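1. 3D model of this:
(one chain, ligands or ions: 1)
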Amino acid sequence: MTNTEAVLHALAQQRDGYLSGARLARDLGISRAAVWRGVERLRKEGHLIEGKSKVGYRLISRTPLFDRERLQRALPGWDVHLFDTIDSTNRYAKSLESEKAVVIALAQSAGRGRRGRSFYSPRGGLYLSLRLPLSFALDEAMLLTSMASVAVHRSLLEVAGITCSIKWVNDLYLGGKKLCGILTEGVVALESGQLASVVVGIGINLFTALGEELKETAVSLYESEDDARSLFDVHELVIKIVSHMSTLVAALPDRSYLEYYRAHSLLDGRDVVVHQGEGQWEARVVGIDDDAHLVVEDREGVVHTLTSAEITIRLAR
Ligand code: BTN
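-> Next comes the predicted model:
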């Protein structure tokens, strides 16, 4: 256990009282400076620690849904960061130095979506970013979004027994409504100007309260936090997502995961409207090719291979 974890552990055991820096140092066998550094680090991770001069420290809250120590134990080799609220887990993951990191928040004040849009991120969602070292070729990095869709799909099935559909390229749908969005962003190394790592950001509506308007297009897994807590274990969901994602990435250049993707694709054989730039046109989806591109046939029978950039697909009514 690191000093920081030891400080958290000690504070968590004594939630209704204060623990002085001297007492913590003595009990843990570390210096008072190390206690102070530990407290500062925990605060940066989103733990709320009250400090009273001449009295000591008290853990007044921590992200109630998650136990960071449990996640860290289950994910050796990953640097786990847990926040109550943050601007964007993707933004934070991109700023880190560690190569492999998992950043989780219970809410985001400036969640980022695809194509420069914002992502509605109130409490009740799981906002998760994985920072992965870029040990694969750039064209393979393009596959990460579709891989993440498969990793989340499998995890939801295994942990919550929920089967959703994958809407090309990066959304998960349940009952025709959006449950999860995924945004992959690259991190450029300043010295070389080359891509150094990739951040895969995943936003899942766990028990998000959706307003009347959003309810038309989006859905949450559970009605309430109590339901979410009693019906499944969110730690297991995170652990599964990270583990499936690691396995898929390690298997590259093997693209056989695309079979799973195709088997759960929402769009196969469906009539869609392709929104591209200012224009839009109708097409029928033929399938997903081996580069995870969407293959469609337009009204004139011309086949098009679409990459995800700047394209939005809507089901035709
Ligand atoms: C989309 O549907 O447009 C993609 C949404 C991706 C949202 C996730 S939530 C966790 C991570 N942090 C962000 O700021 N965005 C991604």
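2. could you say which helix or strand contains the residue in the stretch 151-300 of the chain positioned nearest to the ligand?
-> Relative to the ligand, the nearest point of the stretch 151-300 of the chain is residue 181 (2.2 Å; Cβ to the nearest ligand atom). Just so you know, the C-beta spots here come from the backbone N, C-alpha and C atoms, and that holds for glycine as well. Taking DSSP states H and E as the definition, residue 181 sits inside strand 177-188.
3. Could I get the buried residue list for the helix or strand following that strand?
-> For strand 177-188, the succeeding helix or strand toward the C-terminus, using DSSP H and E, is strand 195-205. Neighbour-count burial for strand 195-205 flags 197, 198, 199, 200, 201, 202, 203, 204, 205 (criterion: 16 or more other Cβ atoms under 10 Å).
4. ditto for stretch 251-271
-> For stretch 251-271, by 16+ other Cβ under 10 Å, it's 252, 255, 257, 258, 260, 261, 264, 265, 266, 267, 268.
5. contacting residues around residue 260?
-> Counting by Cβ atoms under 8 Å, 6 or more residues apart in numbering, residue 260 makes contact with 150, 153, 154.
6. Check what pLDDT it gets.
-> Model confidence at residue 260, given as pLDDT, is 97.
7. What of residue 128?
-> Looking at residue 128, the pLDDT reads 97.
8. Which strand residues bridge the nearest residue to the residue of the stretch 151-300 of the chain closest to the ligand once chain neighbours are set aside?
-> Nearest residue to residue 181 in three dimensions, chain neighbours excluded: residue 203, at 5.1 Å (Cβ to Cβ, 6 or more residues apart in numbering). Beta-bridge partners for residue 203, by DSSP bridges, are residue 127, residue 181.
9. so residue 149 touches residue 172, yeah?
-> Yes. Using Cβ atoms under 8 Å, residue 149 is in contact with residue 172, at 6.5 Å.
10. Using PDB, list the CA coordinates for the helix or strand hosting residue 42.
-> Assigned by DSSP H and E, residue 42 belongs to helix 32-44. The C-alpha coordinates for helix 32-44 follow below in PDB (Å, rounded to 0.1, in the frame of the first residue of the first chain):
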ATOM      1  CA  ARG A  32       4.200  14.300   8.700                       C
ATOM      2  CA  ALA A  33       5.300  15.700   5.400                       C
ATOM      3  CA  ALA A  34       4.400  12.400   3.800                       C
ATOM      4  CA  VAL A  35       0.900  12.600   5.500                       C
ATOM      5  CA  TRP A  36       0.500  16.100   4.100                       C
ATOM      6  CA  ARG A  37       1.500  15.000   0.600                       C
ATOM      7  CA  GLY A  38      -0.900  12.100   0.800                       C
ATOM      8  CA  VAL A  39      -3.800  14.300   1.800                       C
ATOM      9  CA  GLU A  40      -3.000  16.700  -1.000                       C
ATOM     10  CA  ARG A  41      -2.900  13.900  -3.500                       C
ATOM     11  CA  LEU A  42      -6.200  12.500  -2.300                       C
ATOM     12  CA  ARG A  43      -7.800  15.900  -2.600                       C
ATOM     13  CA  LYS A  44      -6.600  16.100  -6.200                       C
END
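11. That one - what's its average pLDDT?
-> Average pLDDT, helix 32-44: 90.
12. how far off helix 32-44 does the helix or strand just after that helix point, in degrees?
-> Following helix 32-44 in sequence order, the next helix or strand is strand 48-52 (DSSP H and E). Here strand 48-52 runs at an angle of 140 degrees relative to helix 32-44 (axes from the mean of the first three to the mean of the last three Cα atoms, to 10 degrees).
13. List the buried residues in the helix or strand following strand 48-52.
-> Using DSSP H and E, the helix or strand that directly follows strand 48-52 along the chain is strand 56-61. Using 16+ other Cβ under 10 Å as the test for burial, strand 56-61 gives 56, 57, 58, 59.
14. and what of stretch 123-138?
-> Neighbour-count burial for stretch 123-138 [16+ other Cβ under 10 Å]: 123, 124, 125, 126, 127, 128, 129, 130, 131, 132, 134, 136.
15. The fourth one contacts residue 202, correct?
-> Yes. Between residue 126 and residue 202 a contact is recorded at 7.5 Å, counting by Cβ under 8 Å.
16. Now do the strand holding residue 181: which elements does it pack against?
-> helix 89-95, helix 144-160, strand 171-174, strand 195-205 (3 or more Cβ pairs under 8 Å, 6 or more residues apart in numbering; DSSP states H and E).
17. Quick one: name the residues of the stretch 101-250 of the chain near the ligand.
-> By Cβ under 6 Å from any ligand atom, the residues of the stretch 101-250 of the chain that approach the ligand are 108, 111-114, 117, 119, 127-129, 171, 181-183, 201-203.
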